[in-house]
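1. quick one, what's the 3D model for this:
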Amino acid sequence: PFSSLASKASFFWPRHRCFALSCINLIENQMSGGDARYFTSYKKGEIAEWRNEINNPDRDKRKGAVKKVIAAMTVGKDVSMLFTDVVNCMQTGDVEMKKLVYLYLINYAKNQPDLAILAVNTFVKDTQDPNPLIRALAVRTMGCIRVDKITEYLCDPLQRALVVSFTISMSWHLIFVRF
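-> Prediction:
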């Protein structure tokens with residue numbers, strides 16, 4: 001069912017294409033586990049229902065709501081009115097939830113650049129996370145968002161990431177040379 005979506009991924013910028021395809025693959029893989037319900041038809045009042053589920057304190061309901069929003073976005077439905085609610089979901093330790101929110105931000109940040117600034121503080125925190133996957137996702141997503149104000153905040157986290165990467169590679173080099 002996603003072959004048409006995968007062909008549409010070619011319209012993304014080259015560095016967004018890989019991310020879009022990985023998200024489509026994530027959704028395809030999840031559908032085998034019962035996530036096909038997120039792609040069912042849409043009815044009137046769903047946006048308000050999704051907003052309530054996103055703001056629900058239950059983590060599983062919140063994740064399910066964000067999956068529904070991403071599924072609606074994937075099939076072309078405008079869900080930009082949920083921007084602030086989805087951005088508030090960034091502050092979690094769940095990597096899957098962060099990936100979903102980052103995908104949403106990449107798609108809608110250019111339409112709402114003033115609201116995209118709300119995510120900068122969380123991005124900067126995520127670039128200092130002990131988990132290297134979260135750090136890499138945060139730096140990559142900040143680089144993919146085409147908002148000038150966010151690009152200004154990218155320099156320091158990118159420099160830190162490069163220093164850490166250089167330090168790790170030099171450490172491995174020293175280990176191999178010394179031993």
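2. just the helices in the chain please.
-> Listed in chain order, the helices found in the chain under DSSP state H are 3-8, 14-31, 46-54, 59-74, 83-88, 95-108, 113-116, 120-126, 132-144, 148-178.
3. sketch out the low-pLDDT regions of the protein for me.
-> Applying pLDDT under 70 to the chain flags residues 1-44, 165-179.
4. now residue 96: how far from residue 63?
-> To residue 63, residue 96 is 7 Å away according to Cβ to Cβ, to the nearest Å. C-beta: built from backbone N, CA, C; applies to glycine.
5. then residue 84?
-> Applying Cβ to Cβ, the value for residue 84 to residue 63 is 18 Å.
6. so the two - more neighbours on which side?
-> The neighbour comparison of residue 84 against residue 63 (other Cβ atoms under 10 Å) goes to residue 63, with 18 against 13.
7. hmm, the more buried one is touching residue 98, no?
-> No: contact criterion Cβ atoms under 8 Å: residue 63 and residue 98 do not qualify, at 10.7 Å.
8. counting neighbours, what do you get for residue 64?
-> Count around residue 64 with other Cβ under 10 Å applied: 18.
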